[in-house]
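> coordinates only, sequence not included:
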């Protein structure tokens with residue numbers, strides 16, 4: 001079994017054990033209050049996979065806490081820049097960004113590398129995780145939203 005398969009299996013087992021009794025309370029928020037049991041199950045899967053992908057691809061710069069790294073890398077936690085435009089965020093995850101951006105009234109100008117190898121599902125999982133962590137509450141970012149966003153990147 002490869003390392004990637006082992007990590008996927010461990011993630012799957014973690015999800016089963018954490019939600020085995022049908023309780024998804026750790027993923028509940030105002031944004032998910034009207035989700036059905038099936039929607040909450042899917043949401044929980046996106047959150048677990050998104051956290052793993054975020055840890056692998058994003059946390060080195062944006063930190064595990066989503067607070068960013070000083071004036072080098074912007075926060076994702078309560079980020080006005082991110083919350084204004086989920087379409088732009090999907091494009092940034094997949095294609096990276098060069099140039100100046102302003103997040104929470106602070107200017108950042110550090111290149112973010114592209115993650116072109118990510119699938120649309122993986123982009124949706126990361127986006128769902130970051131849009132529902134550290135005080136952010138948006139709910140699902142679907143694969144369909146990501147596909148539409150990525151087809152319109154500028």
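Noted; the coordinates are in hand. Since the structure is predicted, the reported quantities are computational estimates derived from the model, not experimental observations.
> Show me where the protein has its strands.
101-103, 106-108 (DSSP state E).
> And the longest helix seen in the chain, what's buried?
Among the segments of the chain that qualify as a helix by DSSP state H, the longest is helix 37-57. By 16 or more other C-beta atoms under 10 Å, the buried positions in helix 37-57 come out as 40-41, 43-54, 57. For the C-beta atoms, the positions are set from N, CA and C on the backbone; glycine is no exception.
> Okay, helices next: where are they in this structure?
3-19, 37-57, 59-62, 80-84, 86-95, 120-130, 143-151.
> Report the distance from the fourth one to the chain centre.
Yep, that's helix 80-84 we're talking about. Chain-centre distance of helix 80-84: 13 Å, with C-alpha atoms, centre = their mean, to the nearest Å.
> Show me what that helix is packed up against.
Secondary-structure packing of helix 80-84 (3 or more C-beta pairs under 8 Å, 6 or more residues apart in numbering; DSSP states H and E): strand 101-103.
> same question for the strand it packs on, mean pLDDT?
Per-residue pLDDT over strand 101-103 has a mean of 97.
> Tell me which of the strands of the chain approaches residue 147 most closely.
strand 101-103 (24.0 Å; C-beta to C-beta).
> by contact count, what packs against the closest one?
Using 3+ C-beta pairs under 8 Å, 6+ apart: strand 101-103 touches helix 80-84, strand 106-108.
> Include distance to residue 137, mean pLDDT and mean neighbour count when you put these into JSON lines, please.
Putting the helices and strands packed on strand 101-103 into JSON lines (distance: least, C-beta to C-beta, whole Å; pLDDT from 0 to 100; neighbours: other C-beta atoms under 10 Å) gives the following:
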{"stretch": "helix 80-84", "distance to residue 137": "10", "mean pLDDT": "96", "mean neighbour count": "15"}
{"stretch": "strand 106-108", "distance to residue 137": "22", "mean pLDDT": "97", "mean neighbour count": "15"}
